[in-house]
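Asker: predicted model and sequence follow; I will ask about them next.
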2 protein chains.
Amino acid sequence: MRRNMGVYADLRERLIAGYGDLSPQLQKAARYMLDHPDDVALKSMRSLARAADIQPSAIVRLMKTIGLESYQDFRLGYQNRLRDLPASYAGRAWQLQHRSAGEDHSEDALLGEIARQETDNLLRSFGPEARRAMRSACEYLEQARRVFVVGRRGAWPAAFQFAYACRLFRDDVTLLEGVAGTFGDELRGLGRKDVVLAVGFAPYTSETVKVTEFAAAQGAAIIAVTDSDVAPIAVQAAVTIVIADGSPSFFQSFTAAVSVLQALVALLVARGGEGALQQIASAEEQLAVFDTYWQDAGIKRNSRS
Amino acid sequence: MRRNMGVYADLRERLIAGYGDLSPQLQKAARYMLDHPDDVALKSMRSLARAADIQPSAIVRLMKTIGLESYQDFRLGYQNRLRDLPASYAGRAWQLQHRSAGEDHSEDALLGEIARQETDNLLRSFGPEARRAMRSACEYLEQARRVFVVGRRGAWPAAFQFAYACRLFRDDVTLLEGVAGTFGDELRGLGRKDVVLAVGFAPYTSETVKVTEFAAAQGAAIIAVTDSDVAPIAVQAAVTIVIADGSPSFFQSFTAAVSVLQALVALLVARGGEGALQQIASAEEQLAVFDTYWQDAGIKRNSRS
DNA sequence: AGTTTAATGAAACATTTGTTGTGAAAATAG
DNA sequence: CTATTTTCACAACAAATGTTTCATTAAACT
């Protein structure tokens, strides 16, 4: 049991240690195997290659370069790991509250409880009512002249995430940032055809509340992403998406909010069809121009020893 | 995941239920499979037959007598039990349960698929390896002189969320914002006793990669929150927390990253004990001074439309 | 530049895989 | 006992598997 874990860890270690010296294709292979250990154990070499988008031969070559006789040996290590795993992980998450073995119990229990709560939040937040609200929100967003997104403090990540993703395929989305005390300035000209998407959870920041009040006064449609149908930012909203934010710690969880807003973007893109996809493609090109992303100059391939 | 366990349990149930009426050879087969579920998942049919000392054909016949099309279906159920990844079965079933009757089906299917993927990502990202990494990361964070948090573009929300929560109970956490092109300036004076927490997923922003390279050169400990053990920002890291970011749309999902970083904060607070709680309490008081939060002056009771 | 070296994709290889037939053996019934 | 059905081992099959080979491409070196 311990021994098997050791074999697996050793194999993994070999992949990581040698990674830098591998050829691009072999890196791709190694990387997929590191990221999907279960696939190694359960799939065949060929279907693994298919999943990793490489040639079967690349796997064999990888095995030899990290000093193994055959792929089968390698897979055996991964299979044994799976055998010794406490149980299915899914099952484990469920029963984690009751069972425990070895190591520090209290911390692992806390993490288990968090994981449980988070999945719970997710499932709740993707319930039928929320879905209906999301679809409704989509329609407002599509027909909006401009979209303003607001979220302060804890809700900021979710708001940012939404605006960031949206701007990849439409240019009429504004995130209220409020740098240097300019908050609210971006709202100038807000009108009847505009949409304000407000994200906020208790305790609600006064800024966000004010924005919704202002938006309502201007006749703009409000989409509220919040924790209650009667949240102050929801009372005047056209659409309210209620998110579960339960957490074992005293800090509320914004995970589900991020997830739902991501999903909202996905919905918008799906509806946008071909046009949206092209926009995204050109956005990517533009980013390449700015040299935004790191080019794999081959994770420094050390001079061969 | 619930459903997934259900598939396995169902198959097992079929074997047991039909057991009495089976022919001796088929009983032998069924018995072996009941006693060695792992073998079913990992071995081939032929080697399973060899291990059980029966003919391969007996297995096929057993499948048909318990009402299955093929052995491969059967094995799939067993494999999914072992897998971290709750399989397509689970997803389908979950969708069936939660579908809102009628309405547009394709959009609902998309949302269902997203929800499934997200919970999946969460469970993976709270797996045993990740938990170990999180605990290890905690120790580095606790002993750090200063903590620098970096995350650009898509990873920004997660980085922000972490830094924001941390600042509620410690004042030595700096988020690299890089307003007005000042990115990197905040790192001045980075040294051996400091910790850099870098969040980033493929495609990795060059800024984040550069920060980790700089940090490594300065001898600071790096905590990488990323999608692979061999991500460019992970290669020099002291701790790597691997997050699942699978998504049905082509945007990767940052949900799990946000969640894990939230959990990391919870862990830190749990370890910090009473002291941390007091810090938080005083932070809240301070916020009240600035009138940050909306005071419930009696939810304006509009005539509900 | 040209030459050597390494890396890659695709085809070919011998096994092994899951599955289906067939006829001998065993069990059951008349 | 024979007749009939069920059970089973074994051979046969196409499809898929793990591995090797080889020509072609890309990189490194002089």
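Answerer: Received the coordinates, thanks.
Asker: low-confidence ranges, chain A, go.
Answerer: Along chain A, segments meeting pLDDT under 70 span A:1-5, A:84-105, A:180-182, A:184, A:273-277, A:280, A:284-292, A:295-305.
Asker: list the contacts for residue A:79?
Answerer: Residue A:79 sits next to A:41, B:42 when contact means CB atoms under 8 Å, 6 or more residues apart in numbering or on different chains. Backbone N, C-alpha and C define where each C-beta goes, glycine included.
Asker: contacting residues around stretch A:65-77?
Answerer: Contact with stretch A:65-77 is made by A:4, A:7-8, A:10-11, A:14-15, A:18, A:22, A:26, A:40-41, A:45, A:59-60, A:63, as judged by CB under 8 Å, 6+ apart.
Asker: show me which of those residues neighbour chain B.
Answerer: A:15, A:41 (CB under 8 Å from any CB of the partner chain).
Asker: so how far is residue A:255 from residue A:63?
Answerer: Distance, residue A:63 to residue A:255, by CB to CB, to the nearest Å: 39 Å.
Asker: of these two, give the one with the bigger neighbour count.
Answerer: Neighbours per residue, other CB atoms under 10 Å in any protein chain shown: of residue A:63 and residue A:255, the larger number sits with residue A:255, 34 against 22.
Asker: can you list phi and psi of the closest residue to the more buried one other than its chain neighbours for me?
Answerer: Leaving out its chain neighbours, the residue that sits closest to residue A:255 by CB to CB, 6 or more residues apart in numbering or on different chains is residue B:259, at 4.2 Å. Dihedral angles of residue B:259 (phi, psi; degrees, to the nearest 10) stand at phi -60, psi -50.
Asker: who in the stretch 201-305 of chain A is up against chain B?
Answerer: A:203-206, A:208-209, A:230, A:232, A:235-236, A:247-251, A:253-255, A:258-259, A:262-263, A:265-267, A:269-270, A:280, A:291-296, A:299.
Asker: go again using 6 Å as the cut-off
Answerer: Within the stretch 201-305 of chain A, the positions near chain B by CB under 6 Å from any CB of the partner chain are A:203-206, A:209, A:232, A:249, A:255, A:258-259, A:263, A:266, A:270, A:292-294.
Asker: looking at these, which is nearest DNA strand C?
Answerer: residue A:294 (18.5 Å; CB to the nearest atom of the strand).
Asker: how about the contacts made by the closest one?
Answerer: Counting by CB atoms under 6 Å, 6 or more residues apart in numbering or on different chains, residue A:294 touches B:204, B:206, B:209, B:232.
Asker: ok, the third one - contacts?
Answerer: What that stands for is residue B:209. Contacts of residue B:209 by CB under 6 Å, 6+ apart are A:294, B:232-233.
Asker: same check, this time on residue A:194
Answerer: A:144-146, A:220.
Asker: if we use 8 Å, what do you get?
Answerer: Neighbours of residue A:194 in contact, by CB under 8 Å, 6+ apart: A:144-148, A:215, A:218, A:220-221.
Asker: could you dump the residues you listed to JSON lines with secondary structure?
Answerer: Listed next are those as JSON lines, based on DSSP: H, G, I helix; E, B strand; the rest coil:
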{"residue": "A:144", "secondary structure": "coil"}
{"residue": "A:145", "secondary structure": "coil"}
{"residue": "A:146", "secondary structure": "coil"}
{"residue": "A:147", "secondary structure": "strand"}
{"residue": "A:148", "secondary structure": "strand"}
{"residue": "A:215", "secondary structure": "helix"}
{"residue": "A:218", "secondary structure": "helix"}
{"residue": "A:220", "secondary structure": "coil"}
{"residue": "A:221", "secondary structure": "strand"}
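Asker: out of the residues of the stretch 201-305 of chain A next to chain B, the closest to DNA strand D would be?
Answerer: residue A:294 (17.5 Å).
Asker: give the helix, strand or coil label for whichever residue of the stretch 101-250 of chain A sits closest to DNA strand D.
Answerer: As assessed by CB to the nearest atom of the strand, DNA strand D sits closest to residue A:168 within the stretch 101-250 of chain A, at 29.7 Å. Following three-state DSSP, residue A:168 is assigned to coil.
Asker: please name the nearest non-neighbouring residue to it.
Answerer: That would be residue A:283: by CB to CB, 6+ apart, it lies 4.7 Å from residue A:168.
Asker: report the contact partners of whichever residue of chain A sits closest to DNA strand C.
Answerer: Across chain A, the shortest distance to DNA strand C (CB to the nearest atom of the strand) belongs to residue A:23, at 3.0 Å. Counting by CB under 8 Å, 6+ apart, residue A:23 makes contact with nothing.
Asker: same deal with residue A:133?
Answerer: Residue A:133 neighbours (CB under 8 Å, 6+ apart): A:239-242.
Asker: how near is residue A:12 to residue A:268?
Answerer: Residue A:12 is 39 Å from residue A:268, where distance means CB to CB.
Asker: residue A:165 too?
Answerer: From residue A:165 to residue A:268 the distance is 9 Å (CB to CB).
Asker: which residues touch the spatially most central residue of chain A?
Answerer: Centroid check for chain A by CA atoms, centre = their mean gives residue A:259 as the closest residue, at 6.8 Å. Counting by CB under 8 Å, 6+ apart, residue A:259 makes contact with A:122, A:125-126, B:114, B:118, B:253, B:255.
Asker: so which of the residues you listed sit within helices?
Answerer: Those of those mapping onto helices are A:122, A:125, B:114, B:118, B:255, per DSSP state H.
Asker: with distance to DNA strand C added, can I get those residues in TSV?
Answerer: Below are these laid out as TSV (distance: CB to the nearest atom of the strand, whole Å):
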residue	distance to DNA strand C
A:122	35
A:125	40
B:114	32
B:118	32
B:255	32
